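Q: Let's see this in three dimensions:
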Amino acid sequence: MHSFYVFTIFILGMKVSVLQGQRCPRQETELPRGVDIYESVRYGHYVELECCSRKGGAVKWMKWDKNTNQWQNYSPERDDVFLLESNQILAIQSATFEDTGSYKCKEQNSSASVDLKKFNLHVVACDKLARGPFPVSPLPCAETIAAEKETITLPCTGYFGCGDDGDIRIVMWYVSEDTDDNWKEISEVDDRYTTTKFEEDSGTVVGLNLTIKSVSAVDFRRKFMCLLASPQMIKSQSSTVVTLRNKNRIGEDPMLKSGFDSGEVLIVLAVVSVCLLILTGVLAGLFIQRQMMKSRKSCERKGNHQQWETMIYKSTGDSVQMLP
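A: This next block holds a predicted model:
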């Protein structure tokens, strides 16, 4: 926790040091009067309102009070709101919905005060351009390790973005009991399967957790699918298929896992060995025959000297020629 505070202070200090540069250059020309600036920021994000007076004079900030319908002097009362560059910049580190409203900055001089800029700040829950659904963390693993008789939870979470109040946001779990992918709703298959729904960030994130109580052997033969869908969007569907793997059978021989007993495995290995031996013999015979066709040696006895002379024969087409 201490390191988190140090990191936060470091980031804020770095941001302030940047703002102390040339963010508000001294302007000799007069700024337009009655300028309205519209700013939009996502909830919890950083935003700045830059006033920047003409000659770097003293600046005062005001906010419109809806209760009194009057402008009220504004001074930060939260630790995440700052006035920087001699009050030239109003910086909000983490925007809240209470920050929504109208702001204006005034330049103070010896004779009077002058309105410089007016801001209309709107804090939104999310980005209107981001429409899902998109899978987000936490997500299930495609292959989840589990042990029999234990209880496990598979998460399924989607980001749907901003939408109208009537938008439909679907998060569902389905299960298939065969290889043909005949998907059924969880509630129709097994009483041990239960789901829990949750929402975050005003409904922009919707999730559905699947809990499997007392995992049994049948669960390892089934497939589970997490489905995210939104009828408001074209191609707005995302799915993730999950299978369970028995923790106690990890590392078993894959042939044994697929249904072969030890006797069948030995027979298969013996047949393969015999085939390899025959193939090796055939290849060796062909190799020897080819070498003999290229060159061979013969010995013959000459005269009364009983000497042996080696004669080399070379194959030339269909005839054989003896070399001296």
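Q: Quickly note the distance from T179 to Q70.
A: The gap separating T179 from Q70 is 72 Å, by Cβ to Cβ, to the nearest Å. Any C-beta I mention is one placed from the backbone N, CA and C, and that applies to glycine too.
Q: got it, and T153?
A: 54 Å.
Q: Please identify which of these two sits among more neighbours.
A: T153 (13 against 9; other Cβ atoms under 10 Å).
Q: Confirm for me that the more buried one is in contact with G207.
A: No: counting by Cβ atoms under 8 Å, T153 stays clear of G207, with 11.3 Å between them.
Q: what ranges do the strands span in the stretch 101-250 of the chain?
A: 101-108, 113-124, 131-135, 143-146, 152-154, 157-161, 170-176, 183-185, 193-200, 205-212, 223-229, 237-246 (DSSP state E, counting those that start in this stretch).
Q: okay, those strands, which one's buried deepest?
A: Neighbour counts (mean count of other Cβ atoms under 10 Å) averaged over each of the strands of the stretch 101-250 of the chain peak at strand 157-161, with a mean of 23.
Q: What confidence value was assigned to A147?
A: A147 carries a pLDDT value of 93.
Q: That one: neighbour count?
A: Neighbours of A147 (other Cβ under 10 Å): 12.
Q: quick revisit: weakest of the strands of the stretch 101-250 of the chain by average pLDDT?
A: Least confident of the strands of the stretch 101-250 of the chain, judged by mean pLDDT, is strand 131-135 with a mean of 76.
Q: if I've got this straight, L279 is in a helix?
A: Yes: counting by DSSP: H, G, I helix; E, B strand; the rest coil, L279 is found in a helix.
Q: Measure how buried it is and give me the count.
A: Using other Cβ under 10 Å, L279 has 10 other residues around it.
Q: Same check on S216?
A: 13.
Q: Surely it and E148 touch.
A: Yes: using Cβ under 8 Å, S216 makes contact with E148 at a distance of 6.3 Å.
Q: in the stretch 201-324 of the chain, what spans have low per-residue confidence?
A: The model of the stretch 201-324 of the chain has pLDDT under 70 over residues 232-236, 251-265, 290-324.
Q: ok, which stretches of it are helices?
A: Counting by DSSP state H, counting those that start in this stretch, the stretch 201-324 of the chain has helices at residues 254-257, 262-294.
Q: For the longest one, which helices and strands make contact with it?
A: So the one you mean is helix 262-294. helix 254-257 (3 or more Cβ pairs under 8 Å, 6 or more residues apart in numbering; DSSP states H and E).
Q: about what we covered before: nearest approach to D65 belongs to which of the strands of the stretch 101-250 of the chain?
A: strand 101-108 (8.7 Å; Cβ to Cβ).
Q: what residues does the closest one touch?
A: 49, 51, 53-54, 57-64, 66, 71, 74, 90, 113-121 (Cβ atoms under 8 Å, 6 or more residues apart in numbering).
Q: hmm, 7 Å instead?
A: 49, 51, 53, 57-64, 71, 74, 90, 113-121 (Cβ atoms under 7 Å, 6 or more residues apart in numbering).
Q: again with stretch 63-82
A: K60, W61, M62, L83, A91, I92, Q93, S94, G101, S102, Y103, K104.
Q: mind giving me CSV with those residues and columns for distance to C275?
A: Below are the contacts of stretch 63-82 laid out as CSV (distance: Cβ to Cβ, whole Å):
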residue, distance to C275
K60, 94
W61, 89
M62, 92
L83, 86
A91, 78
I92, 77
Q93, 74
S94, 72
G101, 84
S102, 87
Y103, 85
K104, 90
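Q: which regions of the stretch 1-150 of the chain sit below the pLDDT cut-off?
A: Scanning the stretch 1-150 of the chain for pLDDT under 70 picks out the ranges 1-35, 54-57, 110-111, 126-132.
Q: One more pass at 50, please.
A: Applying pLDDT under 50 to the stretch 1-150 of the chain flags the ranges 1-22, 28-29.
Q: Run through the helices of it in chain order.
A: Under the criterion DSSP H, counting those that start in this stretch, the stretch 1-150 of the chain contains helices at 2-19.
Q: Could you give the bridge partners of the closest residue to C156 other than its chain neighbours?
A: Spatial nearest neighbour of C156, excluding adjacent residues (Cβ to Cβ, 6 or more residues apart in numbering): C226 at 3.6 Å. Per DSSP bridges, the residues bridged to C226 are W173, T240.
Q: quick one: contacts for C226?
A: P140, C156, W173, S239, T240, V242 are the contacts of C226 under Cβ under 7 Å, 6+ apart.
Q: Just the pLDDT for the second one.
A: Think C156. 93.
Q: Many thanks, I have nothing further to ask.
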